[in-house]
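Novice: Provided below are the primary sequence and the corresponding predicted coordinates.
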Amino acid sequence: MGTTRRLKELNPQVRCTSLQPDSAFHGIEGAKHMPSAMVPKIYDPSLADQNLEISTEEAYAMAKRLAREEGLLVGISGAAAVVGCLQLARTLKPDQPAVFVTVLCDSGDKYLSERFWQEG
């Protein structure tokens, strides 16, 4: 919330997107499914220019992809953030310039025992 407020103060053209799990029963640690969550007092839904829903399966697949193809061992919420960036990138016109910034806020080391690493 604070980062979005400040970025928009510095440049009103900045667009910020919120991401959340697509279901109340999800496996994206650290993320809240806002319709079913206890909403923190700092949350201001008006700050996001748009909202994207990310499935647990997409986040797991991206965590594996980032580890195997890019050498980045990120957590599930970080992988979900990359999924969201790619979803947004697909909506751009071919000649439309854009810069995407996200935070990969946790490491995947605490998820190494999860079974999704062996699937598919």
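Specialist: Sure, I can see it.

Novice: any idea which residue sits dead centre in the chain?
Specialist: When Cα atoms, centre = their mean is applied to the chain, the residue found nearest the centroid is Ala81 (2.1 Å).

Novice: Now do the same contact list for Leu47.
Specialist: Leu47 is in contact with Met1, Thr4, Arg5, Lys8, Cys16, Ser18, counting by Cβ atoms under 8 Å, 6 or more residues apart in numbering. Any C-beta I mention is one placed from the backbone N, CA and C, and that applies to glycine too.

Novice: Return the subset of the residues you listed lying in strands.
Specialist: Secondary structure defined by DSSP state E assigns Ser18 of the contacts of Leu47 to strands.

Novice: Counting neighbours, which of the contacts of Leu47 end up buried?
Specialist: Neighbour counting over these (16 or more other Cβ atoms under 10 Å) leaves Thr4, Ser18 as the buried ones.

Novice: Using a markdown table, please lay out the contacts of Leu47 together with distance to Val74 and pLDDT.
Specialist: Rendered in a markdown table, the data for the contacts of Leu47 read as follows (distance: Cβ to Cβ, whole Å; pLDDT from 0 to 100):
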| residue | distance to Val74 | pLDDT |
| --- | --- | --- |
| Met1 | 22 | 86 |
| Thr4 | 21 | 92 |
| Arg5 | 26 | 93 |
| Lys8 | 26 | 94 |
| Cys16 | 21 | 94 |
| Ser18 | 19 | 92 |
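
Novice: For Gln96, state which of the contacts of Leu47 is nearest.
Specialist: Cys16 (17.7 Å; Cβ to Cβ).

Novice: Show the contacting residues for the closest residue to the closest one other than its chain neighbours.
Specialist: Spatial nearest neighbour of Cys16, excluding adjacent residues (Cβ to Cβ, 6 or more residues apart in numbering): Thr4 at 4.4 Å. Applying Cβ under 8 Å, 6+ apart, we find Thr4 in contact with Cys16, Leu47, Ala48.
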